[in-house]
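Novice: sequence and predicted structure, then a few things I'm wondering about:
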Amino acid sequence: MQGDYDFKAIEDHWKQVWIEDRLWAAPARPDPERKRYLVTMFPYPSGDLHMGHVEIFSIQDAIARFYRMRGDDVLNPIGWDGFGLPAENAAIQRGMDPKKWTYENIARHRSSMERLGYSFDWDRVFYTCDPDFFRWNQWFFLRFYERGLAYRKQAAAWWCPNDKTVLANEQVVQGRCERCGAEVVRRYPTQWFFKITDYADRLIDDMDLNEGWTERLKMLQRNWIGRSYGAEVDFAIETVDESVDESVTVFTTRPDTLWGATFFVLAPEHPLAEELVAGTPVEDRLTAFKDEVSRMSDIDRTSTERPKKGIPLERYAINPVNGERIPIWVADYVLMDYGTGAIMAVPAHDQRDFEFARAYDLEIRVVIQAEGASLDPEAMTEAYPHDGVMVNSGEFDGTPASESVATVTDWLESKGLGRAAKNYRLRDWLISRQRYWGTPFPIVYCDDCGEVPVPDDQLPIELPDDVDFNPTGETSPLATAEDWVNVSCPKCGGAARRETDTMDTFVDSSWYFLRYLDSRNESAPFDPELVNAWMPMDQYTGGITHAVMHLIYARFFQKVLMDMGMVEHPEPFPRLLNQGMVTMGGKVMSKSRGNIVEPVEAFDRYGADALRLYMLFSGPPDQDFDWPEEGVEAIGRVTYPWLQRVWRLCETVREIERDAGDSGGGLMDVELRRATHRTIKVVTRDYGALSFNTAIARMQELVNEAYRYRGAGGSNRAVLEELVEALLKMLAPMAPYLTEEQWHRYGHSDSIHLARWPDFDEELTVIDEVTMVVQVNGKVRATMDVSVSITEEEMRARAFASEKVQGYLGGREPLKVIVKPPKLISLVVK
Ligand code: ANZ
Ligand code: ZN
């Protein structure tokens, strides 16, 4: 009796069995030669999974299952990034407990993942919002603090005066609060930082160790860190009575243009600006200007597309190379927290300085001349930022571009006027969030002892329940939990208050992949020995959207942990897979955009296997895939019917009588065996290259061969069974349920997912070629070498692709095409 393909019953059954048998549990310590640690960036739980998740996890799962069957020690873990703003917004908007909201969403994610049959090592699962996890964030913070890598300072933050809350950058839209539309302002609360800038050079230089990174990714990180080489130069500042007792240092990448500095600019926030104009008529103008600038983002301020604004301070700086007095301005395009917050302006050679000089009618002096050209300041329409020979620069006139920067820097050093310097765009990592739903800082403030770290044995500091979520002021909702906030000082026992900010969730994602390796450890974040046995990761999969931030923060953590002696490897992710995005109508599918498709309907109508297979069939993993307009119907058209066909084949073959006497030596039998072995060979290669769509296409061809063989009367059970079992194994990583069920129906008692990947007989994969003849109107017009097993479609394709044949067709559509595989194709034209 043939059974129907009842995917629902199969899924319900095996899902349970796999989890109960702990089938995917990885060993604590792998065989070093055969370890394969695969991680996909862990999900943030909002709502259910969507097709973007399904794609990425289906890819990951196929890889994990393939390598398990190849005999590797595979670790394929999962966890959830539990903290974050949406949970807190749900609390504000719907009065829901952020914890409840988060755990309910995780439960939905988890049940969909179980339904999809993903082979995660569920023994290791954790949620970052569990105290068991975040206590180690607190522990790491304390270690960073001891090493001088965690510190507090005043830092700019966006503030909504209406909602009375600090906003994240992404919550500010064109200078207004995303929620209420009020104009935002800059505030400067004291906040916590990690000193990532100490690691800037290593973050750039160690990228060479990441052999599996694309050039594009490396470039994105290099630009983010933004190392530039140049010089620091000291400019003396004239005071009111024209005596000189102060100096300000500038950072410049072009010390060779010093003779072209015609004015000097301070960032509006620079403390010296206020000092210089105190008590003068300019003071009020400066205050108003600072207020205006405080509403602009750094990107707007430095954009070359926007007219620059500034005001003169009516004070002068002295150019150290020629003693010239140049006027001091403040301007919006000079930022306080880059370089030194002060610049020498060289309008002839720097575009922003040029635009500013034109706007305020300031002198432009050319000091770099292109060979054979002569720049005229009056006629210039833009700066000349390129290389050339130094001119108008005293004793340095004639110095060529190749030497100018080094020569001038040496000279400055010898005169004590400046020094070679490096500068970075990278800022220290601001980890304070004025939020509830995050990791509390292990810091208290005592009137007598000041800032006091909480001792390790008092961790974890958990979150209180009795808070008021409606924003109250400059601090986080945690400040409203009086009982939680007021503590006694760990040092002196006196009255103290807890820090009420919580940590950026990027702290969690900076080391969660290490926790997987020892996730039940209660006395340490992990045992270094276990971590070193699995790291560095063999493949990290995620979107290119994380090219900076996450991937830089995690690399920084890794380096600090290495300096602490906790990990051996300087780089955590030498091999990255940037998977494509699932889009809908061309826009990336995401909860925040509201254009998501959840998997429930697909589960109910076609089952998890058909859905998984559909996502893998959609194209190469690194390319975007637009979800079809017809929706899940597409699965019903593409992969579901094929799985039914595979099912029927398996059922039919099982009914054929075994014939002990038939060795499978007949010509048809041999051909089918060849097809099986060739398919194993190419599908194995396709898996290795993550080319799942082509692997599926090959398996489809193999199934066609089997049906063709049956249609032609083929009935050798041994040959067919060889094909079916190889097919099931090859398909198992993509469609785990159907294959597991059929495997057992074929009498196996162990899981197919622990079976050995099929081998092939090289001899059977050698392709026999024949000569295919192309006739046009009965005359032989072309011949070509083709495989004996060429299909009709392939024969047509080959014939029409031939220029010779096209020549004879002369643009005419054939009236008739007769195809006799593999040797003859005959075209008839008028
Ligand atoms: C004079 C000069 C002449 C400059 C020239 C450039 C070209 P990167 O490569 O980004 O590091 N600069 C320095 N500090 C700044 C600040 N706080 N805000 C805005 N601009 C600042 O660029 C460094 C250059 O950016 C510096 O070199 C300085 O302008 C400007 F032909 O000095 B330069
Ligand atoms: Zn104290």
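Specialist: It's in. Ligands and ions are numbered 1, 2, ... in the order given.

Novice: when you work out contacts or count neighbours from here on, use the C-alpha atoms and nothing else.
Specialist: Fine.

Novice: I'd assumed residue 609 was in contact with residue 734.
Specialist: Yes. Look at residue 734 against residue 609 with CA atoms under 8 Å: they come within range, at 7.2 Å.

Novice: so between those two, which is more surrounded?
Specialist: residue 734 (29 against 26; other CA atoms under 10 Å).

Novice: how about the secondary structure of residue 273?
Specialist: What DSSP: H, G, I helix; E, B strand; the rest coil gives for residue 273 is helix.

Novice: who is the nearest residue to it once chain neighbours are set aside paired with across the strands?
Specialist: Leaving aside its sequence neighbours, residue 273 sits nearest to residue 266 (CA to CA, 6 or more residues apart in numbering; 6.8 Å). Counting by DSSP bridges, residue 266 is bridged to residue 330, residue 342.

Novice: for residue 266, what are its contacts?
Specialist: 273, 328-331, 334, 341-343 (CA atoms under 8 Å, 6 or more residues apart in numbering).

Novice: export the residues you listed as a markdown table, with columns for distance to residue 422 and pLDDT.
Specialist: Output for these, formatted as a markdown table (distance: CA to CA, whole Å; pLDDT from 0 to 100):
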| residue | distance to residue 422 | pLDDT |
| --- | --- | --- |
| 273 | 25 | 95 |
| 328 | 25 | 97 |
| 329 | 25 | 98 |
| 330 | 24 | 98 |
| 331 | 24 | 97 |
| 334 | 18 | 96 |
| 341 | 15 | 95 |
| 342 | 15 | 97 |
| 343 | 15 | 97 |
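
Novice: keep only those of those that are also close to ligand 1.
Specialist: On the criterion CA under 6 Å from any ligand atom, 334, 341-343 are the entries of the contacts of residue 266 that sit beside ligand 1.

Novice: where does the prediction get shaky in this structure?
Specialist: Along the chain, the parts satisfying pLDDT under 70 run over 1-2, 168, 170, 240-244, 471-474, 660-665.

Novice: tell me which residue is most central in it.
Specialist: The residue lying closest to the centre of the chain (CA atoms, centre = their mean) is residue 546, at 2.6 Å.

Novice: next, count neighbours for the residue of the stretch 651-800 of the chain found nearest ligand 2.
Specialist: The nearest approach of the stretch 651-800 of the chain to ligand 2 comes at residue 690, 58.5 Å away (CA to the ion). By other CA under 10 Å, the residues close to residue 690 number 19.

Novice: tell me the contacts of it?
Specialist: Residue 690 neighbours (CA under 8 Å, 6+ apart): 63, 620-621.

Novice: can you tell me which of those residues are in helices?
Specialist: residue 63 (DSSP state H).

Novice: from the contacts of residue 690, which single one is nearest ligand 2?
Specialist: The closest of the contacts of residue 690, once distances to ligand 2 are taken by CA to the ion, is residue 63, at 54.6 Å.

Novice: next, the closest residue to ligand 2 within the stretch 101-250 of the chain: secondary structure please.
Specialist: Taking CA to the ion as the measure, the point where the stretch 101-250 of the chain comes nearest ligand 2 is residue 142, at 17.5 Å. Following three-state DSSP, we place residue 142 in the helix state.

Novice: wait, isn't it in contact with residue 452?
Specialist: No. Taking contacts as CA under 8 Å, residue 142 lies outside contact range of residue 452: 10.5 Å.

Novice: list the contacts for the residue in the stretch 501-650 of the chain that ligand 1 sits nearest to?
Specialist: As assessed by CA to the nearest ligand atom, ligand 1 sits closest to residue 548 within the stretch 501-650 of the chain, at 18.0 Å. Applying CA under 8 Å, 6+ apart, we find residue 548 in contact with 220-221, 224.

Novice: how about the residues of the protein near ligand 2?
Specialist: Proximity of the chain to ligand 2, by CA under 5 Å from the ion, involves residues 446, 448-449, 489, 492.

Novice: who wins on neighbours among these?
Specialist: Most neighbours among the residues of the chain next to ligand 2, by other CA under 10 Å: residue 489, with 24 neighbours.

Novice: quick one, what contacts that one?
Specialist: Contacts of residue 489 by CA under 8 Å, 6+ apart are 444-446, 452, 495-496.

Novice: mind redoing it with 6 Å?
Specialist: By CA atoms under 6 Å, 6 or more residues apart in numbering, the contact list for residue 489 reads 446, 496.

Novice: so residue 134 sits in a helix?
Specialist: Yes. According to three-state DSSP, residue 134 belongs to a helix.

Novice: now the stretch 551-700 of the chain against ligand 2: closest residue?
Specialist: Closest point on the stretch 551-700 of the chain to ligand 2, by CA to the ion, is residue 564, at 28.5 Å.

Novice: what about that residue, neighbour count?
Specialist: The tally of other residues near residue 564 (other CA under 10 Å) stands at 13.

Novice: okay, it and residue 812: tell me how far apart.
Specialist: Applying CA to CA, to the nearest Å, the value for residue 564 to residue 812 is 75 Å.

Novice: quick revisit: so the residue of the stretch 501-650 of the chain closest to ligand 1, which state does it fall into?
Specialist: In three-state terms, and counting by three-state DSSP, residue 548 is coil.

Novice: tell me what the longest strand that the chain contains is packed against?
Specialist: Across the chain, the longest stretch assigned as strand under DSSP state E is strand 227-238. Applying 3 or more CA pairs under 6 Å, 6 or more residues apart in numbering; DSSP states H and E, one finds that strand 227-238 contacts strand 244-252, strand 310-318, strand 418-424.

Novice: of all the residues in the shortest one, which ones are buried?
Specialist: It refers to strand 418-424. Buried residues in strand 418-424, counted by 16 or more other CA atoms under 10 Å: 418-421, 423-424.

Novice: got CSV for these, with distance to ligand 1 too?
Specialist: Shown next, in CSV, are the buried residues of strand 418-424 (distance: CA to the nearest ligand atom, whole Å):
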residue, distance to ligand 1
418, 13
419, 14
420, 13
421, 10
423, 6
424, 7
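
Novice: around ligand 1, which positions in the stretch 251-400 of the chain sit nearby?
Specialist: Close to ligand 1, as judged by CA under 6 Å from any ligand atom, the stretch 251-400 of the chain has residues 251-254, 257, 333-336, 338-346, 349-350, 385.
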